[in-house]
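*Asks:* I would like to see how this sequence folds:
(2 chains)
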Amino acid sequence: MAGDGVTLAADLLADWLEKKAPKIWWFLDGEREVSSAQALPAQGEDLARAFRRHGGRLVVVQDEPGSVKSGDVTDLDALDELLESDDDERALELAWLVKGKPSAPWLLVESVVNEDAKELPPEAWRA
Amino acid sequence: MIPPVKYFAERLKRLPTQLDALPSQASSPLSHLMLGLDEAWGLHEYVRGNVERKGRHKAVAERNQKRLRTLVFISLVEAFERFIKEIAAVCVDALASRVVDDRLKTLSIDPRSLAAHFGAGSLGRALTEGSTWLETDQINTRFRKLLAEPREDGKFFLFPTTKKDPDVWRGDTLDLVFQLRHAVVHNAGVVTAFDAQKLAALIGAAVPPGGRLTLARGDLWYLVSVLRDTGKWANERVADEGAKVLTTIHQDAPTSFDAGTVAADLATKFGRSITIDGVTKQP
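*Replies:* Sure thing, here's the model as predicted:
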């Protein structure tokens, strides 16, 4: 995949969400496939299941052409390094690879619900 | 697990009591309009500035800004509609107790809403706030009746209807803007076959149905400029016509009201000098 940017399997993203951020609420800004089946915002563990069900491959969108990296990401620590952190909210801009080409970019971003969650009484979290 | 939606629903019940005080500009319709336009445009520019400074996630940022521009478009049109209602309310308050004809019939309201509005202390607000003012024909009909000379049916058209009038473009542009607003508010920005038909008639060119309205930054600025200019223009016309009608009423019955007091009140509300039966007051 060298030359196609940084790519990864949806399963790897699912593993990352499940292991590194299972109780964090996430939002998919502009994503239209996983989010058509999974209500958002969703906790990492739920989103992980949704990504795993969907499968497929993703490409990391890089804004600065001069620093474009390429290659497959295959382990969680490498994926960790790709996540941007702004005001304590982690984010990653991604696009689905459809027939090897990136489709419209979208954002995996920590949801503001996480802040609200700190104020909620425990009974509010009962499903 | 699902989000704690029932708890969120409870929190939403607080919304009706979460009210900011109205800004001081709200006492004058034109100032209120300018504030509304500035706030909506300012929101757009603030977000745009911050997004561009960060310079990240360009595609996602542009998609979200497109959506924001649609929302700002609605806010701009709403600010203008509110302005039209507010200048109509000023006219009602100035004329209602000084005329004996049925001019207020042009403003329909159900009795329950009227009773609820008495708390606001303004008959004008009671009669104008509950209805929509988003068609220039209807706006013209209401102002024509409202600002008719006593015992006449009215000749004043806020938005000119003759094609030769140099200001006819204002009403034509508002009709287009109001129709675009309809598409955004009722169909999430999708131009339906019905919208397409009406829009085509308004612009004199074919409009394909089924697409989603997309606004550029410049489009918002054009709209701000048109609404700002048309707001000032309409404020002048309504103030002049209102003063003219009040002059006629005062000349018919000079002791019925104090021209200076009414002129001073209207000068404050219209933000310009008002002359009633030879008595001029400044804001």
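*Asks:* residue closest to the middle of chain B?
*Replies:* Central residue of chain B (Cα atoms, centre = their mean): residue B:81, 1.9 Å from the mean position.
*Asks:* How much space separates that residue from residue B:31?
*Replies:* Relative to residue B:31, residue B:81 is positioned 16 Å away (Cβ to Cβ, to the nearest Å). Any C-beta I mention is one placed from the backbone N, CA and C, and that applies to glycine too.
*Asks:* Just list the residues touching residue A:20, thanks.
*Replies:* Neighbour list for residue A:20: A:44, A:76, A:80 [criterion: Cβ atoms under 8 Å, 6 or more residues apart in numbering or on different chains].
*Asks:* Among these, which ones are in strands?
*Replies:* Among the contacts of residue A:20, none falls in strands (DSSP state E).
*Asks:* what's the closest of those to residue B:256?
*Replies:* residue A:44 (74.1 Å; Cβ to Cβ).
*Asks:* Let me see the contact set for that closest one.
*Replies:* A:17-18, A:20-24, A:26.
*Asks:* what do you get if the cut-off is 10 Å, keeping everything else the same?
*Replies:* Contacts for residue A:44 (Cβ atoms under 10 Å, 6 or more residues apart in numbering or on different chains) come out as A:14, A:16-26, A:110.
*Asks:* quick one: it and residue B:188, what's the gap?
*Replies:* Residue A:44 is 30 Å from residue B:188, by Cβ to Cβ.
*Asks:* what helix or strand does the nearest residue to residue B:79 once chain neighbours are set aside sit in?
*Replies:* In space, and not counting its chain neighbours, residue B:79 is closest to residue B:36: 2.9 Å by Cβ to Cβ, 6 or more residues apart in numbering or on different chains. Residue B:36 is part of helix B:29-54 when elements are defined by DSSP states H and E.
*Asks:* buried set for that helix?
*Replies:* B:29-37, B:40-41, B:44, B:47, B:51 (16 or more other Cβ atoms under 10 Å in any protein chain shown).
*Asks:* which two in those are spaced the farthest apart?
*Replies:* B:29 and B:51 (33.4 Å).
*Asks:* low pLDDT regions in the chain?
*Replies:* Since you didn't name a chain, this refers to chain A. A:1-4, A:64-68, A:87-88, A:112-127 (pLDDT under 70).
*Asks:* Chain B was what I was after
*Replies:* Within chain B, the segments meeting pLDDT under 70 span B:1-4, B:110, B:112-114, B:116-120.
*Asks:* Quick check: residues of it near chain A?
*Replies:* Proximity of chain B to chain A (Cβ under 10 Å from any Cβ of the partner chain) is limited to residues B:1-8, B:10-11, B:54-64.
*Asks:* roughly how far is the helix holding residue B:36 from the heart of the chain?
*Replies:* Computed by Cα atoms, centre = their mean, to the nearest Å, the chain-centroid distance of helix B:29-54 equals 18 Å.
*Asks:* Next: stretch B:21-28.
*Replies:* With Cα atoms, centre = their mean, you get 15 Å for stretch B:21-28.
*Asks:* Which residues does that stretch contact?
*Replies:* Around stretch B:21-28, the neighbours that count as contacts under Cβ under 10 Å, 6+ apart are B:31-36, B:38-39, B:82, B:86-87, B:90, B:235, B:268-272, B:283.
*Asks:* Of all residues in the stretch 151-283 of chain B, which one is closest to chain A?
*Replies:* Using Cβ to the nearest Cβ, the single residue of the stretch 151-283 of chain B nearest to chain A is residue B:212, 14.4 Å away.
*Asks:* Now that residue: closest residue in space, sequence neighbours ignored.
*Replies:* Distance criterion Cβ to Cβ, 6+ apart; nearest residue to residue B:212, sequence neighbours excluded, is residue B:189 at 4.9 Å.
*Asks:* What count of nearby residues applies to the one you found?
*Replies:* 19 (other Cβ atoms under 10 Å in any protein chain shown).
*Asks:* Contacts only, for it.
*Replies:* If you count contacts by Cβ under 10 Å, 6+ apart, residue B:189 has them with B:66-67, B:70, B:73-74, B:180, B:183, B:211-215.
*Asks:* Sketch out the helices for chain A, chain order is fine.
*Replies:* Counting by DSSP state H, chain A has helices at residues A:10-20, A:44-54, A:76-82, A:113-119.
*Asks:* how distant is the second one from the center of its chain?
*Replies:* For helix A:44-54, the separation from the chain centroid amounts to 10 Å (computed by Cα atoms, centre = their mean).
*Asks:* Any buried residues in it, and which?
*Replies:* Counting neighbours by 16+ other Cβ under 10 Å, helix A:44-54 gives A:44-48, A:50-52, A:54 as buried.
*Asks:* Scan chain A for its longest strand.
*Replies:* strand A:89-98.
*Asks:* Next, the angle from it to helix A:10-20.
*Replies:* Comparing the axes of strand A:89-98 and helix A:10-20 via axes from the mean of the first three to the mean of the last three Cα atoms, to 10 degrees yields an angle of 160 degrees.
*Asks:* Which parts of the stretch 151-283 of chain B are strands?
*Replies:* Applying DSSP state E, counting those that start in this stretch to the stretch 151-283 of chain B gives strands spanning B:274-276, B:279-281.
*Asks:* Single out the most deeply packed of those strands.
*Replies:* Greatest average neighbour count among those goes to strand B:274-276 (a mean of 23), per mean count of other Cβ atoms under 10 Å in any protein chain shown.
*Asks:* neighbouring contacts of that one?
*Replies:* Under Cβ under 10 Å, 6+ apart, the answer for strand B:274-276 is B:94, B:239-240, B:242-251, B:257-268, B:280-283.
*Asks:* Let me know how buried residue B:225 is, in neighbour terms.
*Replies:* Count around residue B:225 with other Cβ under 10 Å applied: 12.
*Asks:* Verify the contact between it and residue B:37 for me.
*Replies:* Yes - between residue B:225 and residue B:37 there is a contact under Cβ atoms under 10 Å: 9.3 Å.
*Asks:* if we can go back for a sec, buried among the contacts of residue A:44? Make that a ChimeraX selection.
*Replies:* In ChimeraX, this line selects whichever of those come out buried by 16+ other Cβ under 10 Å:
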select /A:14,16,17,18,21,24,25,26,110
